[in-house]
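This is a predicted model, with the sequence first.
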Amino acid sequence: MRNKTTRLIRLPAAAILCLTFACDSLDLGNIAGLFGPSVLIVIENNTSFTAVPDIRTSESSNFWEDGFEDEDQITGFGNNGVLQANQSASIRLACDGDLELIIFGGATFQEGNGFPLGDVGGDEKLRRDREFDCGDTIRIRLSGTIFNFRADVDVEHTDDSGDVESFDDVNDDNVADFLEDLFD
């Protein structure tokens, strides 16, 4: 007669979390970021309109590779990449060897029914080890109203002691506002 053996199945931590909570409401990319080095991107829509931010990542580590590397669109925040009026959302990206460049390409704004109201341009490129590093928080603030939308990108660096240092980078078409912010 054969003895029955019970096998213990070891599940990775992400699977345990998935079993503990409702899997379909969790973004596995966000979960993966909790277990290793990561970058947190916080998007704040401080307008009265729906915003569709254009945020992409790339493996490109220098200017020459920018033209050849594929960029991946980030849509894992809000309602499939759409942020409702006066809402904020965040996404945690695993800070592995593949994350070298975060690009904020601007945002478009629309009325609740999808009628376009304007946009804010930008081609803000944040490079790893220069503008951001693992553990940092990138905060994108969208503000303004029709014909006067604004986007500010702020990188909050976390140094080795855990303190947060701030680096503001204004993404605005108005040079006067940029100079005013620069000399304040």
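Nice, thanks for sending it over.

now the strands for this protein?
Here the chain has its strands, by DSSP state E, at 38-45, 50-58, 71-73, 87-94, 101-110, 116-127, 137-145, 148-158, 164-171.

Which among the ones you listed is found nearest to residue 81?
When those are compared by C-beta to C-beta, strand 50-58 sits nearest residue 81, at 6.5 Å. Just so you know, the C-beta spots here come from the backbone N, C-alpha and C atoms, and that holds for glycine as well.

now the angle between strand 148-158 and that closest one, please.
Strand 50-58 runs at 40 degrees relative to strand 148-158, counting by axes from the mean of the first three to the mean of the last three C-alpha atoms, to 10 degrees.

looking at this protein, which helix or strand does the model trust least?
helix 13-20 (a mean of 42; mean pLDDT, DSSP states H and E).

re earlier: distance to residue 80, mean neighbour count and mean pLDDT for the strands of the chain - can I get that in CSV?
Below are those laid out as CSV (distance: least, C-beta to C-beta, whole Å; neighbours: other C-beta atoms under 10 Å; pLDDT from 0 to 100):
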stretch, distance to residue 80, mean neighbour count, mean pLDDT
strand 38-45, 13, 22, 96
strand 50-58, 10, 21, 94
strand 71-73, 11, 13, 86
strand 87-94, 11, 19, 96
strand 101-110, 14, 20, 94
strand 116-127, 18, 17, 90
strand 137-145, 17, 19, 96
strand 148-158, 20, 18, 94
strand 164-171, 23, 14, 47
